[in-house]
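**Student:** Here is the input, now give the coordinates:
(3 chains)
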Amino acid sequence: MTDAWVWLLVVNTVTLSSPLVLAALGGLCSERSGVINIALEGLMLTAACVTATVGVVTGSALLGLAAGVGAAIVMSLLHALLTQAFSIDHIVSGMAINALAIGGTNFLAKSLADVSQEKAPVFDVKLYWALAIVAVVWIAFYLGRTRGGLHLTAVGNDPDKSRQMGLDPVKVRYLALVGTGVLAGLAGTLILSNAQSFSDGMTGGRGFIALAALILGGWRPWHALGACVLFGLFSALQIQLQGQPILGLDVPSDAWTALPYLVTIIALAGFLGRNRPPSGLGRP
Amino acid sequence: MTPVVRMSGVTHSFGALAALESVDFEVATGSVYALVGENGAGKTTLMRVLYGALRPDAGTIEVEGVERKWRSSADAIAHGIGMVSQHYSIIPELTCLQNLVLGAEGSFVIHGDAFRERATRLGSKMGFAFDWDAEASTLSPAGAQKLEIVKLLWRESKIMVLDEPTAMLSPADSDALYASLKQLASEGATVIVVTHRIPEVMQHCGRVTVLRGGVKVADRAVAETSAHELAELIVGHSVSRSPQGAADPGEPMLEVSGLVVKGERKDDALKGASFVVRSGEVVGLAGVDGNGQRELFHALVGTLPAAGGTVLLGGSDVTRVRSRDRFVRGVRLIPEDRHEEGVVEDWSLVDNAALGLQHVPPLINGVWADLARRQALALRVADRFKTKHQGLHRSMRSLSGGNQQRFVAARALELDPRVILAFQPTRGLDIDGTAQVYASLREAARGGAGVLVVSFDLDELLENCDRTIVIHAGRVHEPTPGQGHDRQAIGRLMVGAS
Amino acid sequence: MKAFGWKQVALTVAAFGFVALTLIAVGVMPGEAAMELVRGSMGTKNAWNETLKLTTPLLIAGLAVFIALRAGLFNIGAEGQLLVGGLCGTVVALNVEGVLGTVLACLAGLVAGGLWALPAGLIKAYRNGHEVITTIMLNNIAAALVAGLVAGPLRQEGMSTSTEVVAESTWLPSLYENVPFRLNIALVGALLLVWGVAVWIKRTVAGYELSATGANPKAAATAGVEVKRVTVRAMTVSGALSGLAGAVQVLAYEHNFYVGFSSGFGFDALGVALLAGGSPWGAIPSALLFGALSKGTTSIQVLGVPKGLSGILLGVIIIVFAAYRYRRVKSHD
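**Tutor:** Residues are numbered from 1 along each chain as shown, chains lettered A, B, ... in the order given. So this is what the prediction gives:
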């Protein structure tokens, strides 16, 4: 293995894990406030599509980014509305939002200018890498050392008692889901920035991997970051080792694809230490 | 002198049910003020109105002579009102310090050291010490109650409401609590205690207001009233006591020896408990909450495994017998929390009637459920205590809490019970309902069953059971002969002193 | 308690208004689109044929998800179980001919699907790991697994990602033919399955305990129900039925297995189960609706409506239905 090979591995790992980091942190905001969020995938897809569309139409990377993140916030707030105001089950709402996103992005991309054909103007991906690191540091500080973080944790663990203490759990959750929208939106625009043009289902299940990383990291920011980097490393290895035998065995690429999922299941089975989810998760 | 709190004409209803009807309530500072009444009399509702957790349909609230309208509890807190609810508002996953400051942090950034210092100062003022960085889940009930009081101090509450503060405390801890409250009152705080325990009122409080059925029926200085008068004011009529002591104990129905059960934290929650319940007797198990009652209950039901010791049911060993087969052999339950453990609220009364009895013949026939018999059973269960319902096929949710409890209690008496395990069976019942439940337990005992009642209310057990045993720190103690009804002696056993 | 309030009505209006606006945005009148949707799914013999063909796996998998839901579990893994069941069924049918092959292939589908769901059940029951996460992971593993197998050891000569066609003697036959309309025995079997599940849930003690576990697990445990076992059993049975749906899909309609074999039946099955409401019988109209939508949105593309419409409709229908049906009653204390 050469230096160049290792360097490529590092770059690939960063490239592949950074959207996961942003999305996982988005999930963290939501789940620490007690809202189960399987809609990350949909939020990312929405952001990617809207960023591409607006970027192509206006020719501005900034407008594209703003619109993409804005769209993700709207979808995230829809999740908040459905789960809080309508008391719909969090999983059901998340599924519905994913379906809306998959259908809606296809609709948008096909019906408005052939977005998928054109390259959208985007920011350098290094900007997003920096944002991801800043987000981890900020969220870790916010959760542990600030009033808002304490309120988020309290509401996520016990909304009823939090209300007794004068907190407004619904407001806390709406705010948390704005945070989810911003971060998952950034993750989506990052994925678009990597690919430069939109294609159907381009997030490819990374919202779910991010969720897995969040769980693997025990709903803690730095741990989640670690899990994301681990998953990113798996994917990078998959790309670089494709077709090469490992220890004399020919490992098919599909096995590499399945690896992060397998690791998550093993983690959930408790073989990698037990994690405690916020105890108010999913409660009205 | 204007009263610190004046509530006038407060009316509040939950749906069609009027909880408060034009109640006037005034409190002055200086002593501990008691608000008493039965379950459902409106005590807690009135205090939640004061605390801004409920908005009254009518009426006004004045604090220190100024009329106030609360939009939420946050408003009330901001004006110096603090409330400790019966089940506490401590979130076990947060640290003690986080719980202390929650909702009253004052600054955006939480300054751990400065906060800890002030917390320690406030605690030591009351003579309390805490490990501020420990998770609140490690607190005992008494510790949690102390933390609640420091929380009030942290918020600089001038008006403190405590709802049934001694419900989960031992007699000794209760006395200590009242000492703290009196200290606070003497320093200028206004302390209101909601309780249904008359002895506490007589011993510790200065003035008392009695609510009955949502209406204020009396307002007295404690020195000018008597326990007897208060009891009559609370109930509104004399209560017929259940017949007692008639039991002639027969064969042992439930024999527990050396029972060891692991608790949630893998420590021994039960450390070799032994006792016997005989056919025909109603035995009370007294004790402060958290001394192993739940683990014992679950081990007897078969939902927690025994790590040691044996459980005999009618003479045969059931220690390793699974839960459903214990039901088949005649174990019946009145579980602790009817919402969570006793009923399925979305189900009809008919389906709920079979809950726990689903494997008991004749409700089962091979793999098939006998739906006709289930229907007949439901009819009997609902009729026994005159459960008020709007049709057996309506959902359990459509019943009031008291009627749900009647249903659950009646169900435990069905299909030839041999051992009835009742955990706080009268929770949420008024005095008549309580009498009814004990009367029926007595009836089941007369029919040959052995009855074990777990309760945190010693007085209720002493009044209604044939004998009372005590659980403390995972061990069961029998009072020495002759002291079976001695409140002082049993109270000492409850805190581990003999 | 009112059945619904203005909020629900407002949501319904907003949701369908949104669908109408998206249609107008691409220059299609909503009424016209609705007409085409109905015509394309139920207007001709061919349309009916395709709709019922899609309804079959939706009904079986929907029933599978329904059973899990009844026990309080979200089996998002129906898709993966269906893929694994379909592939295993194919492998068996490729090796055993005749009716025996058909029966064994169905069994293989059941077993494979059940085993694929088993870890999710076990982790939920004994490790308290959320079944939604595990089943999503298992879906992705299943997709990678079948893709690898179909592109590798099971590949048909000359094709890139599909298996050989199974022997005609193992195919599930049509009961009634009026070309192009064919009624396959599989649909009748699926209807019988609905009846079986309904009887099981309503009339057996096991069904009672399953429902108790879903409705209030704590009360169920207190009442002597072995909740952990019921959870594992429900998840496994659910997976088995999803696997069967995959095997039946091969035997009745597809006759071989390939990547893209399922057009997301497992995901639509969730919608089917949610819309079925409290009774397995509800899965019949619900599966038919989803089958028709699925077929209809394909034919509606001739009007220039992108196929994404089906996703939008799915989301909107679930949201509106859930707002009425799965609205939790606020706790009154």
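**Student:** If you count neighbours, what's buried in whichever strand or helix holds B:Met202?
**Tutor:** For B:Met202, the element it lies in under DSSP states H and E is helix B:198-204. Residues of helix B:198-204 classed as buried by neighbour count (16 or more other C-beta atoms under 10 Å in any protein chain shown): B:Ile198, B:Glu200, B:Val201, B:Met202, B:His204. No exception for glycine: its C-beta is placed from N, CA and C like everyone else's.
**Student:** these two touch, right, the first one and B:His228?
**Tutor:** No - here B:Ile198 lies out of contact with B:His228, judged by C-beta atoms under 8 Å, at a distance of 9.1 Å.
**Student:** Which strands or helices does the helix or strand containing C:Leu21 pack on?
**Tutor:** Assigned by DSSP H and E, C:Leu21 falls within helix C:6-25. Helix C:6-25 sits against helix A:90-111, helix C:30-42, helix C:309-325, with contacts defined as 3 or more C-beta pairs under 8 Å, 6 or more residues apart in numbering or on different chains; DSSP states H and E.
**Student:** For that helix, list the C-alpha coordinates in CSV.
**Tutor:** The C-alpha trace of helix C:6-25 is given here as CSV (Å, rounded to 0.1, in the frame of the first residue of the first chain):
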residue,chain,number,x,y,z
TRP,C,6,-61.4,20.8,12.2
LYS,C,7,-57.7,20.1,12.3
GLN,C,8,-58.1,16.8,10.6
VAL,C,9,-60.4,18.2,8.0
ALA,C,10,-58.0,21.1,7.3
LEU,C,11,-55.2,18.6,6.9
THR,C,12,-57.2,16.5,4.5
VAL,C,13,-58.1,19.6,2.4
ALA,C,14,-54.5,20.8,2.4
ALA,C,15,-53.1,17.4,1.5
PHE,C,16,-55.4,16.8,-1.5
GLY,C,17,-55.1,20.4,-2.5
PHE,C,18,-51.4,19.9,-2.6
VAL,C,19,-51.7,16.9,-4.9
ALA,C,20,-54.1,18.9,-7.2
LEU,C,21,-51.6,21.8,-7.3
THR,C,22,-48.7,19.6,-8.3
LEU,C,23,-50.8,18.1,-11.1
ILE,C,24,-51.8,21.6,-12.3
ALA,C,25,-48.2,22.6,-12.2
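**Student:** next one: it to chain centre, how far?
**Tutor:** Offset of helix C:6-25 from its chain centre (C-alpha atoms, centre = their mean, to the nearest Å): 26 Å.
**Student:** could you give the angle of that helix to helix C:309-325?
**Tutor:** 170 degrees (axes from the mean of the first three to the mean of the last three C-alpha atoms, to 10 degrees).
**Student:** Show the contacting residues for B:Leu147.
**Tutor:** B:Ile90, B:Cys96, B:Asn99, B:Leu100, B:Phe130, B:Ala136, B:Leu139 (C-beta atoms under 8 Å, 6 or more residues apart in numbering or on different chains).
**Student:** among the residues you listed, which are in reach of chain A?
**Tutor:** Contacts with chain A within those, counted by C-beta under 8 Å from any C-beta of the partner chain: B:Ile90.
**Student:** which of the contacts of B:Leu147 tops the neighbour count?
**Tutor:** Taking other C-beta atoms under 10 Å in any protein chain shown as the neighbour criterion, B:Asn99 ranks highest of the contacts of B:Leu147 with 29 neighbours.
**Student:** Check the residue lying closest to C:Ser294 once chain neighbours are set aside and give its pLDDT.
**Tutor:** Distances taken as C-beta to C-beta, 6 or more residues apart in numbering or on different chains place C:Leu54 nearest to C:Ser294, at 5.0 Å, with adjacent residues excluded. Per-residue confidence at C:Leu54 stands at 91 (pLDDT).
**Student:** show me the contacts for C:Leu54.
**Tutor:** Contacts of C:Leu54 (C-beta under 8 Å, 6+ apart): C:Phe290, C:Gly291, C:Ser294, C:Lys295.
**Student:** quick one, helices of the stretch 1-150 of chain C?
**Tutor:** Secondary structure of the stretch 1-150 of chain C (DSSP state H, counting those that start in this stretch): helices located at C:6-25, C:30-42, C:45-70, C:78-95, C:98-127, C:131-151.
**Student:** Can I get the ones you listed in TSV including distance to B:Glu295?
**Tutor:** Below are the helices of the stretch 1-150 of chain C laid out as TSV (distance: least, C-beta to C-beta, whole Å):
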stretch	distance to B:Glu295
helix C:6-25	44
helix C:30-42	59
helix C:45-70	31
helix C:78-95	39
helix C:98-127	20
helix C:131-151	28
